[in-house]
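**Student:** Make a model of this:
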Amino acid sequence: MKRIVVAIGGNALNKPNEKTTAEIMEKNLLSTTSYLADLVEEGYELIITHGNGPQVGNLLVQQDMSKDVFPPFPIDVNDAMTQGSIGYLITQTLNNELLKRGKRRDIACVLTQIVVDKEDEGFLHPSKPVGPFYDEKTAKELEITKGWTVKEDAGRGFRRVVPSPIPLDVLEIEPIREMINDGTIVVAAGGGGIPVVRDNRGMIKGVEAVIDKDRASALLAKLIDADALVILTGVDYAYINFGKKDQKELKVVTVEEGRKLIDAGHFARGSMLPKIESAIEFVSRTRKESIITSLEKVDQALRGESGTRIVP
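**Tutor:** Numbers count the residues shown, from 1 in each chain. Here you go, the predicted model:
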């Protein structure tokens with residue numbers, strides 16, 4: 001049996017310009033979990049991670065709007081809230097999809113804390129997009145009125161950005177390993193996990209940040225000795241010169257080639273770059289492989305028939 005970590009983007013739950021209701025999130029997940037159920041039926045040992053950028057950002061907006069009535073929660077608590085709500089919907093829809101196929105599997109969502117360095121430079125330079133897109137005028141007004149840091153996001157508009165430190169360790173890694181070894185389908189490190197720091201006594205405390213889910217997925221995949229890290233995105237392949245007349249899909253990329261393409265500036269910072277970097281991190285540390293592809297082509301990609309494969 002092949003053990004794979006499959007990382008689902010936050011936009012798999014909410015498409016751009018779509019209302020962020022629980023009903024719409026569940027509807028979108030019905031198609032997502034259909035593809036995941038195919039992988040389970042084919043015998044893959046599945047560990048699922050997911051993003052939360054749109055959802056945690058929207059939650060922060062909601063709390064800001066009602067701050068005169070209810071004090072807003074810190075970002076790490078909102079990370080936990082979205083990890084729980086999205087994990088609940090994934091486990092429920094996947095469970096129901098498998099039952100429709102006559103399959104009975106244990107599925108568990110693990111509320112996951114990820115250790116980061118309190119001195120990480122990410123705290124000084126916010127970079128993780130969260131929440132909805134704004135036009136430039138509205139974004140500049142929010143910078144002034146809310147004190148937010150706002151940046152253009154891959155040509156799609158402007159978004160609030162928050163600190164995004166590098167993940168170093170997974171606090172719940174032992175129970176996650178035990179559940180996987182017992183045959184449980186595990187949903188973990190949702191939204192990149194809840195960022196925490198350790199003090200000199202080993203005590204932990206949450207910090208205001210959102211960890212990139214692909215980086216957290218690469219760390220989790222390494223710690224559980226996964227055979228492959230699969231990062232799902234909105235396109236079938238990673239591309240060079242993306243969006244231009246001479247764009248070209250990447251089919252097989254070595255770690256060394258991938259680093260050269262990063263240095264040449266081929267990948268957008270707000271979208272493909274962290275996926276490529278995370279895939280390279282996993283492959284370089286494990287000598288396994290990573291795949292970047294769309295949800296619709298994930299099965300073919302695992303057979304080597306689609307997607308971008310990052311190899312040693």
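**Student:** Point out where this structure drops to low pLDDT.
**Tutor:** Judged against pLDDT under 70, the low-scoring parts of the chain cover residues 1, 10-11, 16, 154, 270.
**Student:** ok, now which ones touch the residue nearest to Asp212 when sequence neighbours are not counted?
**Tutor:** Residue nearest to Asp212 in three dimensions, not counting chain neighbours: Pro274, with 4.9 Å by CB to CB, 6 or more residues apart in numbering. Every C-beta, even on glycine, is put in place using the N, C-alpha and C of the backbone. The contact partners of Pro274, by CB atoms under 8 Å, 6 or more residues apart in numbering, come to 212, 214-215.
**Student:** Just read off the phi/psi values of Pro274.
**Tutor:** According to degrees, to the nearest 10, the main-chain angles of Pro274 amount to phi -60, psi -30.
**Student:** related to what we said a few turns ago, so which of the contacts of Pro274 is the most crowded?
**Tutor:** Most neighbours among the contacts of Pro274, by other CB atoms under 10 Å: Asp214, with 29 neighbours.
**Student:** ok, that one touching Ile8?
**Tutor:** No - Asp214 is not in contact with Ile8 according to CB atoms under 8 Å; the separation is 10.6 Å.
**Student:** re the thing from before, please tell me how far the residue nearest to Asp212 sits from Ile231.
**Tutor:** The gap separating Pro274 from Ile231 is 9 Å, by CB to CB, to the nearest Å.
**Student:** Can you pull the residues that touch both of the two?
**Tutor:** Shared contacts of Pro274 and Ile231, defined by CB under 8 Å, 6+ apart, comprise Asp214.
**Student:** contacting residues around the nearest residue to His266 once chain neighbours are set aside?
**Tutor:** For His266, ignoring the flanking residues on the chain, the nearest one in space by CB to CB, 6+ apart is Ile240 at 4.6 Å. Counting by CB under 8 Å, 6+ apart, Ile240 touches 247-248, 250, 261, 266.
**Student:** Stretch 116-128: which residues count as buried?
**Tutor:** With burial defined by 16 or more other CB atoms under 10 Å, the residues of stretch 116-128 counted as buried are 116, 120, 122-123, 126-128.
**Student:** Please, where are all the helices along the stretch 1-150 of the chain?
**Tutor:** Counting by DSSP state H, counting those that start in this stretch, the stretch 1-150 of the chain forms helices over residues 22-41, 53-65, 75-100, 136-146, given from the N-terminal end onward.
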